[in-house]
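Chemist: pasting the sequence and the predicted model now:
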There are 2 protein chains.
Amino acid sequence: MTNSAPVSARRDLADAPLLAAARGETPRHTPVWFMRQAGRSLPEYRKVREGVPMLQSCLTPDLVCEITAQPVRRHGVDAAILFSDIVLPLHAAGIGLDIVAGTGPVVAEPVRTAADVAALPQLAPEQVGAVGDAIGLLLAELGRTPLIGFAGAPFTLASYLVEGGPSRNHERTKALMHSEPRTWHALLEKLADTTLTFLQVQLAAGVDALQLFDSWAGALSLRDYREFVLPHSRRIFESLTEWDVPKIHFGVGTGELLGAMRSAGADVVGVDWRIPLDTAAQRLRDAEPGRDAPVVQGNLDPAVLFAGWDAVEREVRRILAEGEAAGGHIFNLGHGVLPSTDPTVLTRVVELVHSITRR
Amino acid sequence: MTNSAPVSARRDLADAPLLAAARGETPRHTPVWFMRQAGRSLPEYRKVREGVPMLQSCLTPDLVCEITAQPVRRHGVDAAILFSDIVLPLHAAGIGLDIVAGTGPVVAEPVRTAADVAALPQLAPEQVGAVGDAIGLLLAELGRTPLIGFAGAPFTLASYLVEGGPSRNHERTKALMHSEPRTWHALLEKLADTTLTFLQVQLAAGVDALQLFDSWAGALSLRDYREFVLPHSRRIFESLTEWDVPKIHFGVGTGELLGAMRSAGADVVGVDWRIPLDTAAQRLRDAEPGRDAPVVQGNLDPAVLFAGWDAVEREVRRILAEGEAAGGHIFNLGHGVLPSTDPTVLTRVVELVHSITRR
């Protein structure tokens, strides 16, 4: 922790493999965790969530603590990631939305005009006080395992608000950005502020790293990403520099955007399964030749977890070799754990990654 | 037409802009058509489809003729594309499936084992005789406008059969390919035969070009695409060489696969909106340095059609410039027309493309 860092309850976990790898150092083994590791693939998760609506569970500190810690206990992963939902800060700020089973977040009044944007409430830190409290519980619960903070990036949040829910084609979102760029940028500015507040609460409460999910950025061309999205994601990362924690940035299908996503200020770039990690790292080097060697995170296809252990092991070994060639590597899936995944396979993946890479 | 070409009712349309561009020649203007141009965006389509189930409509010759011709009449596009459905040949072969509104194709008995694959019926040409009849009607109806034949590629068909319907993550499909490669290849071999039969019927009936849709290939890494998909798509293209018509190959999110998709034997490669056409063409040249200059098709983001005319015109002009830099170019969207698209915008796009590129 640097002297200039703001006040935080953060633990000193300098030697944790996740943090060492994220800093470009050599960890004692390749760290491994899984996006959506806390969630429906675990029977203990389904049990504690029974009857509790999603957004309520994200604002109940002991439930967040329990759910976040479950995959650490079960799998021995090298990081916990805060159990939350991408739209939680919007809900907490007072925007009417609900998570509908089988659909996803549904927004009561979609945001489509300058007036809608002006009327959008901003998140105040105390509105996500429960998340800070949950992190407080987790610092005691997790022992020496780092905790990754969680937030959605402005583009992905904007798409939910503009479309009114999950969208396959993001046509209203793209129509707004292309037809009313001032309204668009005003919207993303507000959403970046909300994301920033959400992450600052998490950082003050003591998270050891953070991951900014721009889940749907892969729907954009590089040209549109640079013009309509990057400045806002960059402002978030730049505003958090003083906290001195590793910042991970991820989206699906972002092979064309990786360099731009890193240039937003990410220390680690998540890569889906579509390109090998060494190719991804080369793209990152090409995009910013003057910068430190890149660190990549990924990239086992979550579908491969259904293909039997031989296939899983083969793919894990390939990815570790490509991660080695890439430079810094945090092992993960290329997207979130699918709900019907057998969790015992995930545990074996953790053991395999550790056994192969122990130094 | 070469002397060795099989018997076909094909018209002589050598100077049609679509065919000239596909052959790498200079057309009198840049040809333009739209994927899904025949469909729900047109009120005249919704009218004639009223009460007629999708698969039945695809097997009713005068309806296929009418629907296929509608966008030619309305927009003045440079090509018609046969109105059909990607699962039509499976249905015609006797595989139990239905198109469920709001969902897509639903397969009664998913195909997941070697026995399932062995039991899969193959398409006989007479089972799609109605499609040939529809093409016969279209040759008279379309005047000098080329007609593009239509078929789904084996991977995309396999995903429907294995998953039992549309899938976001294709996990059962990928699990099958990785865990039982022999069963996988047997399945794709059968599907390639069915696709071949479907296309041969269309070619004999007189289509002037064809497009093979591997809509979901973008879900695969290049490595998996090469091993599990490419050989089967290649067999289809190679088996059709003697017909001497331009062959177009397209999938969404296939920026990493473009070179491999062309190497399967495509004359024209469709590109979605995620990468500029000149970048796409460079990838195609890099993948096969010895081959003729590539021809690309695309790539206006269908969502931009909702952004107002100024944005549409700006994007069309950019894409035409990038297409010019690419070499050969057929203007199209980067994916299908979305159902709520205003069709008058499509007509203006056709006029704009023609007015800018008239030679």
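Modeler: Thanks, I have the structure now. Residues are numbered from 1 along each chain as shown, chains lettered A, B, ... in the order given.
Chemist: which bits of the stretch 101-250 of chain A sit near chain B?
Modeler: Applying CB under 8 Å from any CB of the partner chain, we find that the stretch 101-250 of chain A lies next to chain B at A:169-179, A:218, A:220-223. Glycine gets a C-beta too; all of them are placed from N, C-alpha and C.
Chemist: same thing but 6 Å
Modeler: Applying CB under 6 Å from any CB of the partner chain, we find that the stretch 101-250 of chain A lies next to chain B at A:169, A:171, A:174-175, A:178-179, A:221.
Chemist: hmm, who's touching stretch A:19-27?
Modeler: By CB atoms under 6 Å, 6 or more residues apart in numbering or on different chains, the residues outside stretch A:19-27 that reach it are A:13, A:17, A:31, A:146, A:246, A:267-268, A:292, A:295, A:328, A:330.
Chemist: give me that answer again for 7 Å
Modeler: Stretch A:19-27 is contacted from outside by A:13, A:17, A:31, A:146, A:208-209, A:246, A:267-268, A:292-293, A:295, A:328-330, A:359, using CB atoms under 7 Å, 6 or more residues apart in numbering or on different chains.
Chemist: of those residues - the most surrounded one?
Modeler: Ranked by the number of neighbours (other CB atoms under 10 Å in any protein chain shown), the contacts of stretch A:19-27 place A:His329 first, at 30 neighbours.
Chemist: show me what that residue bridges to in the sheet.
Modeler: Note on A:His329: beta-bridge partners A:Val296, judged by DSSP bridges.
Chemist: do I have it right that it meets A:Pro276?
Modeler: No - A:His329 lies out of contact with A:Pro276 (CB atoms under 7 Å); the separation is 11.6 Å.
Chemist: from the contacts of stretch A:19-27, pick the one nearest A:Asp310.
Modeler: Closest approach between these and A:Asp310, by CB to CB: A:His329, at 22.7 Å.
Chemist: confidence score at that closest one?
Modeler: The score at A:His329 is 98. That number is its pLDDT.
Chemist: for it, give me its contacts.
Modeler: Contacts for A:His329 were tallied using CB under 7 Å, 6+ apart; they are A:21, A:30, A:277, A:296, A:323.
Chemist: what of A:Ser263?
Modeler: Applying CB under 7 Å, 6+ apart, the residues near A:Ser263 are A:287-288.
Chemist: against chain B, how distant is it?
Modeler: Applying CB to the nearest CB, to the nearest Å, the value for A:Ser263 to chain B is 18 Å.
Chemist: any idea of the pLDDT on that residue?
Modeler: Note for A:Ser263: predicted pLDDT of 97.
Chemist: if you count neighbours, what's buried in the longest helix seen in chain A?
Modeler: Longest helix in chain A by number of residues (criterion: DSSP state H): helix A:181-205. Neighbour-count burial for helix A:181-205, counted by 16 or more other CB atoms under 10 Å in any protein chain shown, picks out A:183-185, A:187-188, A:190-205.
Chemist: do the same with stretch A:137-154
Modeler: Within stretch A:137-154, the residues that count as buried by 16+ other CB under 10 Å are A:137-139, A:141-142, A:145-154.
Chemist: from the residues you listed, which two are the most distant?
Modeler: Going by CB to CB, the pair spanning these furthest: A:Glu141 and A:Pro154, at 31.0 Å.
Chemist: which SSE is the nearest residue to A:Ile356 once chain neighbours are set aside in?
Modeler: Among residues not flanking A:Ile356 along the chain, A:Leu320 sits closest, at 5.8 Å (CB to CB, 6 or more residues apart in numbering or on different chains). Counting by DSSP states H and E, the element that carries A:Leu320 is helix A:309-326.
Chemist: from the contact counts, what lies against that helix?
Modeler: Packing partners of helix A:309-326 (3 or more CB pairs under 7 Å, 6 or more residues apart in numbering or on different chains; DSSP states H and E): helix A:277-287, strand A:295-300, helix A:343-357.
Chemist: deepest of the ones you listed, which one?
Modeler: Each of these was scored by mean neighbour count; the highest is strand A:295-300, a mean of 27, by mean count of other CB atoms under 10 Å in any protein chain shown.
Chemist: who does A:Pro105 bridge with?
Modeler: A:Ile99.
Chemist: so what's it up against?
Modeler: Contacts for A:Pro105 (CB under 7 Å, 6+ apart) come out as A:87, A:97, A:99, A:160, A:165-166.
Chemist: that concludes my questions; thank you for your assistance.
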